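Peer 1: Quick one, what's the 3D model for this:
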Amino acid sequence: MTMGALGVVYGDIGTSPLYALKEAAKAAAHGGTLSHDAVLGVASLILWALLLIISLKYALLILRADNRGEGGIVALLALLHARNAQPGTWRAHLLVVGLVGAALLYGDGAITPAISVLSAIEGLKVDAPSLAPAVVPITVAILIGLFMIQKQGTGFIGRIFGPVMLAWFVVLAALGIHGIVKAPEVLAALSPLYAFDFLIHQNFHISFAILGAAFLAVTGGEAMYADMGHFGRLPIRLAWFAICLPALVLNYFGQAALLITDPTMIENPFFQLCPDALHYPLVAFSAVATVIASQAIISGVFSLTQQSIQLGFLPRMQIRHTQSDAMGQIYVPLVNWLLAAATLGAVLSFGTSDALAGAYGIAVSLLMAITTLLAALVAIQWGYSPWLVVTVNGFFFVIDVIFFSANSVKLFEGGWFPLLLAALVAFMMLTWRSGVKLVEAARGKLRQPEEDLIETAINKCSARLPGTAVFLASAPNGVPLALTQFVKHNHVLHERIVLVTVLIEESPHIADEDRAEVIEIISGITRVILHYGFMQNPTIYDGLKLACRQGKLPGIDLSDITYYVGRETIIPSEDVPGMWVWREGVFAFLQRNAERSAAFFGVPTKQVVEFGTELEI
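Peer 2: Numbers count the residues shown, from 1 in each chain. Now for the predicted structure:
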């Protein structure tokens, strides 16, 4: 598990040495010659950022805030029960903050592959400056290939992620030691006084620029928490403290030692650490490592999308499971190609890793601040002393805000790009969430109570059709609109009616024995509520099959039933209280293009009948 964590969790932060110290050193030099004290100050700042933000905050503190083993923003929102918060309450405001945090991961997902692969391919310019025009085309080709293989599944690549990244961290450490031996005085930067003293004696704007650049060294740290459910708390901590942290510190100090001996190496100290004969192999190895880092963030975005869909924060989309024996191996075609467009747009627009560095960091620093805030509220909810939580989390929150402020000065240098992507995703999430509530309110006005169904079944049906009919219901009470439409037009009922509702719980997984809740309304009419966790694939056919196997639904042949599904057409209206009409139009567009209920919930397509209903919101 520790080996797996190396490949998936630490791919992003593991490739930060390609550009982080370089950007921080350039900010410290601010167009002039890099001084000895500036190099020590930058190295000390990066070291203590890694220790405070990654080691203390994430590895020791944030990883404790798990939802039955799962981590990430969505897991925190589930723990805080913000999903069904009443409008105007503090939990409702918390939901908005959390959804903005989730949306920021999409901005991060677009920038990470771009800056990582670009910085690796730029190593070609160290020995052959004439190859500079080829850097962007090569990067684009690699990224297109990466996004194209997503539909094949990444299981076969995933098996080699860990060993390759272990070799990468060994190379980082070896390069670092090679540099430190040449200038061992760099080890003085272990003292935090160098970072503090250097920052307070700089111009305010320069200090902020240095902080913003140094923050690049910790980007990717949020993956420790987001991927906790895949590997567990102990393997993630073990991989960090035993392998990643020592290798990263050695490499950053090695680069700093190189700049002490020769400040002119500032354009690319990472590749300059390497002996000349090994430059091209190191470029190739760096490209492989950055592809792994990119794959990890892409898989993370797929996973976040699935969780958001399950909890009702995004429209239903086609989700393909690329491996039947691995639940986390999924492919979301729409998200893949939108992410590809954003990533390739970033490469073509910015052109260099230096330019992209301005766009990188601002989204991650805000995401980290939001995570710290939500984790503090979870700790208080779990009964920890509010004074202790405010003191500890407040300390880290102040650090997050300082780094966010430092990155904010890069807003017009490219920081707007991931924020714009995040704003679009957050808007879509909030619009979808509000629209779903309006639709449910409209359904509620049309939905008949169960008593009417009983009355119809006993006294008003002219006949009972042979066989079993399953009606999908959006709510665990009342009569589904599809059944109301069926009776209205046909004046009959089947001998056996099963009303099926899927409920996504705020736990990541629901055990099989708790999957199906069966309620007998009257003889021949049964309600089945299928409970799934937000990390599970909610399949109605499998749920009913399990209920039959458990003896909860005797006498049903699943191959000989008909599924009746309602399909609503949303009509935005100014006469019905709700969102602005233009926003309702956006929701209607999303709803029209969402994955059909039957397909999303795994209903056999040859057994489906749809009933259309118009709903005004």
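Peer 1: OK, contacts around Leu314?
Peer 2: Contacts were defined as C-beta atoms under 8 Å, 6 or more residues apart in numbering; by that measure Leu314 touches Thr305, Ser308, Met428, Met429, Trp432. The C-beta positions use only the backbone N, C-alpha and C, and glycine is treated the same way.
Peer 1: Hmm, the third one is touching Leu590, no?
Peer 2: In this case it means Met428. Yes. The criterion here is C-beta atoms under 8 Å, and Met428 meets it with Leu590 at 7.0 Å.
Peer 1: what does the worst-scoring helix or strand of the chain on mean pLDDT rub up against?
Peer 2: Of all the helices and strands that make up the chain, helix 228-231 has the lowest average by mean pLDDT, DSSP states H and E, namely a mean of 77. Under the criterion C-beta under 8 Å, 6+ apart, residues 1-2, 4-5, 8-9, 63, 66, 69-72, 75, 236, 328, 508, 535 lie in contact with helix 228-231.
Peer 1: For ChimeraX, write a command that selects the buried ones of these.
Peer 2: To isolate the buried members of the contacts of helix 228-231 in ChimeraX, using 16 or more other C-beta atoms under 10 Å:
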select :2,4,5,8,9,63,66,70,71,72,75,236,328,508,535
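Peer 1: Spit out the contact partners of Met428.
Peer 2: Taking C-beta under 8 Å, 6+ apart as the criterion, Met428 is in contact with Leu314, Val586, Leu590.
Peer 1: And the pLDDT at the second one?
Peer 2: Pointing back at Val586 there. Taken from the predicted model, the pLDDT recorded for Val586 is 94.
Peer 1: How about the first one?
Peer 2: Here, the pLDDT recorded for Leu314 equals 92.
Peer 1: Reduced to three states, what does it come out as?
Peer 2: When classified by DSSP: H, G, I helix; E, B strand; the rest coil, Leu314 comes out as coil.
Peer 1: Please report phi then psi for it.
Peer 2: Summarising the backbone geometry of Leu314 under the convention degrees, to the nearest 10, its torsions are phi -140, psi 160.
Peer 1: quick one: it and Phe471, what's the gap?
Peer 2: Distance from Leu314 to Phe471, counting by C-beta to C-beta, to the nearest Å: 25 Å.
Peer 1: quick one, helices of the stretch 1-150 of the chain?
Peer 2: 2-8, 11-14, 20-29, 36-49, 73-79, 90-121, 124-127, 135-148 (DSSP state H, counting those that start in this stretch).
Peer 1: quick one: contacts for the closest residue to Pro184 other than its chain neighbours?
Peer 2: The shortest distance from Pro184 to any residue that is not its chain neighbour, by C-beta to C-beta, 6 or more residues apart in numbering, is 7.5 Å, and that residue is Ala257. Taking C-beta under 8 Å, 6+ apart as the criterion, Ala257 is in contact with Gly179, Ile180, Lys182, Ala183, Pro184, Val186.
Peer 1: can you rerun that using 7 Å?
Peer 2: Neighbour list for Ala257: Gly179, Ile180, Lys182, Ala183, Val186 [criterion: C-beta atoms under 7 Å, 6 or more residues apart in numbering].
Peer 1: Need the residues you listed in CSV (columns: secondary structure, distance to Leu377 and neighbour count).
Peer 2: CSV is the format used below for the contacts of Ala257 (DSSP: H, G, I helix; E, B strand; the rest coil; distance: C-beta to C-beta, whole Å; neighbours: other C-beta atoms under 10 Å):
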residue, secondary structure, distance to Leu377, neighbour count
Gly179, helix, 43, 26
Ile180, helix, 43, 20
Lys182, helix, 49, 14
Ala183, coil, 46, 19
Val186, helix, 41, 26
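Peer 1: Closest one of the residues you listed to Pro604?
Peer 2: Here the nearest of the contacts of Ala257 to Pro604, counting by C-beta to C-beta, is Gly179; it sits at 62.2 Å.
Peer 1: isn't the closest one right next to Leu273, touching?
Peer 2: Yes. Under the contact definition of C-beta atoms under 7 Å, Gly179 touches Leu273, with a separation of 5.1 Å.
Peer 1: okay, and the common contacts of the two?
Peer 2: By C-beta under 7 Å, 6+ apart, the residues touching both Gly179 and Leu273 are Gly254, Gln255, Leu258.
Peer 1: Among those residues, which one has the most neighbours?
Peer 2: When neighbours are counted by other C-beta atoms under 10 Å, Gln255 leads these with 32 neighbours.
Peer 1: C-alpha coordinates for the one helix or strand it maps to, PDB please?
Peer 2: Following DSSP states H and E, one finds Gln255 within helix 245-261. Once non-C-alpha atoms are left out, helix 245-261 reads as follows in PDB (Å, rounded to 0.1, in the frame of the first residue of the first chain):
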ATOM      1  CA  LEU A 245      10.200  14.100   2.600                       C
ATOM      2  CA  PRO A 246      13.900  13.100   2.900                       C
ATOM      3  CA  ALA A 247      14.200  12.900  -1.000                       C
ATOM      4  CA  LEU A 248      12.500  16.200  -1.600                       C
ATOM      5  CA  VAL A 249      14.500  18.000   1.100                       C
ATOM      6  CA  LEU A 250      17.800  16.600  -0.200                       C
ATOM      7  CA  ASN A 251      17.000  17.700  -3.700                       C
ATOM      8  CA  TYR A 252      15.900  21.200  -2.800                       C
ATOM      9  CA  PHE A 253      19.100  21.600  -0.800                       C
ATOM     10  CA  GLY A 254      21.100  20.200  -3.600                       C
ATOM     11  CA  GLN A 255      19.700  22.700  -6.000                       C
ATOM     12  CA  ALA A 256      20.300  25.500  -3.500                       C
ATOM     13  CA  ALA A 257      24.000  24.300  -3.000                       C
ATOM     14  CA  LEU A 258      24.400  24.500  -6.800                       C
ATOM     15  CA  LEU A 259      23.100  28.100  -6.800                       C
ATOM     16  CA  ILE A 260      25.500  29.000  -4.000                       C
ATOM     17  CA  THR A 261      28.400  27.800  -6.100                       C
END
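Peer 1: and the next helix or strand after that helix, what's its mean pLDDT?
Peer 2: Secondary structure here is assigned by DSSP H and E; on that basis, the next helix or strand after helix 245-261 toward the C-terminus is helix 269-272. Mean pLDDT, computed over helix 269-272, is 92.
Peer 1: Now the element after helix 269-272, going C-ward?
Peer 2: Beyond helix 269-272 on the C-terminal side, the first helix or strand identified by DSSP H and E is helix 279-310.
Peer 1: List the buried residues in that next one.
Peer 2: Of the residues in helix 279-310, those with enough neighbours to count as buried (16+ other C-beta under 10 Å) are 279, 282-283, 285-310.
Peer 1: mean confidence for that helix?
Peer 2: For helix 279-310, the mean pLDDT works out to 88.
Peer 1: Which strands or helices does the next helix or strand after it pack on?
Peer 2: Sequence order places strand 320-321 as the next helix or strand after helix 279-310, per DSSP H and E. Secondary structure elements in contact with strand 320-321, counted by 3 or more C-beta pairs under 7 Å, 6 or more residues apart in numbering; DSSP states H and E, are strand 330-331.
Peer 1: for the helix or strand following the strand it packs on, the distance to its chain's centre please.
Peer 2: Helices and strands here follow DSSP H and E; after strand 330-331, the next one along the chain is helix 333-350. Taking the mean C-alpha point of helix 333-350 and that of its whole chain, the gap between them comes to 16 Å (C-alpha atoms, centre = their mean, to the nearest Å).
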